[in-house]
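> Next comes the sequence, and after it the predicted model I'd like to discuss.
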Amino acid sequence: MAYSSIVKPSVYFNTKLYTGNGSVRTETGVGFQPDMVWIKDRTGTNNHEIADAVRGANYQIYPNLANAQTNAGGHLTAFASDGFTLGTDGATNTNNSNYVAWNWKANGQGSSNTDGSINTTYTSVNTTAGFSISTYTGTGSNATIGHGLGVAPKMIIIKSRSNAKDWTVYHASLGNTKWLELSGSAGEQTNSNRWNNTSPTNQVFSVGVDSGINGSGYTYVAYCFAEKTGYSKFGSYVGNGNADGTFVYTGFKPAFVMTKKTSGTSSWDMHDTKRDTFNVATKHLLAEDAGAEGSTVVLDILSNGFKFRTSNGDRNASGATNIYIAFGQSLVSSNNVPCTAR
């Protein structure tokens with residue numbers, strides 16, 4: 001099978017591990033200048049933090065909290081050509097604490113996108129990697145917003161910057177009538193006021209009147225992801241309820257996997273191949289929880305997909321649908337030689 005795809009995924013997504021030292025420093029080794037960095041303290045119970053080039057490096061939002069963005073100082077302070085600069089705040093740089101930083105490449109701060117009925121303040125787009133970051137101001141009326149990807153996004157994550165509102169997630173596997181809350185463990189919810197019962201197009205995504213994504217005068221950030229062969233996949237699988245879990249085919253060797261059961265209460269489970277360099281992978285973090293890294297979930301990350309090695313109800317309940325988000329570290333090469341398993 002030939003792939004007309006990204007030959008080196010690590011120039012668009014990469015995981016960086018580091019140990020804090022409590023001093024101002026620049027972390028290098030990312031492989032590119034990131035435009036979005038998601039950091040979590042693995043050792044302690046500090047909040048998850050996201051910084052991006054569109055809002056500005058000094059502004060933090062917290063995936064596990066509904067809080068508005070802050071500019072507390074001393075967290076991530078700048079994006080560098082091969083990484084990012086940290087201040088002295090303990091959330092991102094406590095002496096001897098271990099951290100993980102997931103990094104994505106967009107295109108700097110960008111410029112206004114006028115494709116929708118709401119003009120974005122800025123939209124930073126990487127069409128090769130299928131990733132864009134946009135900021136906009138809500139109107140309180142049904143509207144459309146340009147994402148710049150040129151293809152319909154498979155996942156959209158939106159957070160109010162100015163107000164305390166839950167994170168809203170669109171995933172194509174759920175459709176345009178449902179949404180999930182990144183900052184909570186609830187299952188899928190149905191509400192036409194989120195996506196206006198309208199699927200994204202190759203130019204815009206639709207928003208309803210809910211203040212979580214389109215309150216009048218509220219400001220927002222939207223992270224949009226399109227699927228790219230050999231690099232990213234946004235799909236779903238049905239659990240089988242036993243220790244030899246359902247195999248999920250991605251078409252590449254994942255570098256990062258996040259899953260969420262769509263019914264009932266369950267966690268957003270996060271794995272990567274930097275914290276676990278061989279199978280079975282056990283080190284996991286929960287996107288909605290500030291807790292330290294756990295080591296009880298067992299997952300095989302394979303040359304062309306992944307599978308859980310557990311009957312755990314949050315990841316592999318019999319008959320339960322789970323969504324997943326995966327980014328690749330390598331893929332079937334241009335000469336059709338497949339990746340090897342690890």
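Right, received. Where do you want to start?

> Show me what the helix or strand encompassing Ser134 is packed up against.
In the assignment (DSSP states H and E), Ser134 maps to strand 131-137. With contacts defined as 3 or more CB pairs under 8 Å, 6 or more residues apart in numbering; DSSP states H and E, strand 131-137 has these neighbours: strand 122-126, strand 143-146, strand 219-225. Any C-beta I mention is one placed from the backbone N, CA and C, and that applies to glycine too.

> mind putting those in CSV, distance to Thr246 included?
Listed next are those as CSV, based on distance: least, CB to CB, whole Å:
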stretch, distance to Thr246
strand 122-126, 31
strand 143-146, 35
strand 219-225, 23
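
> Can you say which of those strands is nearest to Phe308?
Among those, strand 219-225 comes nearest to Phe308, with 22.4 Å by CB to CB.

> quick one on the thing from earlier: what lies in contact with the strand holding Ser134?
12, 35-36, 52-55, 104-106, 110, 113, 118-126, 145-149, 153, 161, 217-226 (CB atoms under 8 Å, 6 or more residues apart in numbering).

> Near Gly116, how many other residues are there?
If you count neighbours by other CB atoms under 10 Å, Gly116 ends up with 20.

> Does it belong to a helix, a strand or coil?
The three-state label given to Gly116 by DSSP: H, G, I helix; E, B strand; the rest coil is coil.

> Ok, Ser10 next?
Ser10 ends up helix, using three-state DSSP.

> State the pLDDT value of it.
According to the prediction, Ser10 has pLDDT 86.

> Neighbours of it, how many?
Neighbour tally, Ser10, other CB under 10 Å: 19.

> so where is the protein shaky, pLDDT-wise?
When residues are selected by pLDDT under 70, those of the chain lie in 1-7, 330-342.

> Could you spell out which stretches of it belong to which domain?
Domain assignment for the chain, taken from automatic domain parsing, gives 9-104, 122-225, 233-331.

> of the contacts of strand 131-137, buried ones?
Among those, the ones that count as buried by 16 or more other CB atoms under 10 Å are 12, 35-36, 52-55, 104-106, 110, 113, 118, 120-126, 145-149, 153, 161, 218-226.

> Contacts made by stretch 204-215 with the rest, please.
115-116, 118, 138-147, 153, 156, 158, 160, 163, 165-166, 168, 170, 176, 191-196, 198-200, 218, 220, 222, 224.

> Is His48 in contact with Ile39, as I believe?
Yes - using CB atoms under 8 Å, His48 is in contact with Ile39, at 7.3 Å.
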